[in-house]
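*Asks:* Turn this into a model:
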Amino acid sequence: MCGQLVYETRPLMRILKLRNFPIFDQFKLEELLLRMSADNWCLLNDGTSPPSIVMGISGKPEKLLEVEKVVKDCVPVIKRFSGGGTVIVDEGTLFVTLIRSQSVLPRLELCQTMSWTEQLYHTIFEKVHGFKLQEHDYIFNDSKFGGNAQSITKNR
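*Replies:* Next up is the predicted model:
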């Protein structure tokens, strides 16, 4: 008796590579893809210009920024539509955005999603000593180099 041939398919992930794409425009693109596309996306943006301050949706500028200095130095401040902390971004920042449907992973809680991305990034950083997930941040030894800003909608 012959065995049955089984085909396993995985959901398609579209990849968009960007370079020095302005972060404000990237956020508009992310929201457009999240709301208007049913596809799964991975956006990679190598750097952004001009240097900017990015705040999560619930961030309060008067509590998190030295507003007078920010205004004096004409530093753009951008609020993203997702959560996350306040960070300074520039041409040395690498952005990775994953927009996925439940077909890629069922709805997961924050810690499960972070664990999934830790496994994903571990394959990239496996030769770098000290890479790990600590709470909601990615670290090398004791130095944070990345975090997350999640937005969860009905099926995404």
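
*Asks:* Let me see the mean pLDDT of the helix or strand harbouring Arg14.
*Replies:* Per DSSP states H and E, Arg14 falls inside strand 13-19. Model confidence over strand 13-19, given as mean pLDDT, is 94.

*Asks:* What is the distance between it and the centre of its chain?
*Replies:* The chain centre lies 13 Å from the centre of strand 13-19; the measure is CA atoms, centre = their mean, to the nearest Å.

*Asks:* hey, where'd the strands end up in the chain?
*Replies:* For the chain, the strands defined by DSSP state E cover 13-19, 40-46, 52-55, 77-79, 87-89, 94-99, 131-134, 137-140, 143-146.

*Asks:* Quick check: end-to-end length of stretch 37-50?
*Replies:* End-to-end distance of stretch 37-50: 28 Å, with CA to CA, to the nearest Å as the criterion.

*Asks:* Only the buried residues of that stretch, if you could.
*Replies:* Buried residues in stretch 37-50, defined by neighbour count with 16 or more other CB atoms under 10 Å: Asn40, Trp41, Leu43, Asn45, Gly47, Thr48. Any C-beta I mention is one placed from the backbone N, CA and C, and that applies to glycine too.

*Asks:* And those residues, which is closest to Phe140?
*Replies:* Taking CB to CB as the measure, Phe140 sits nearest to Gly47 out of these, at 19.8 Å.
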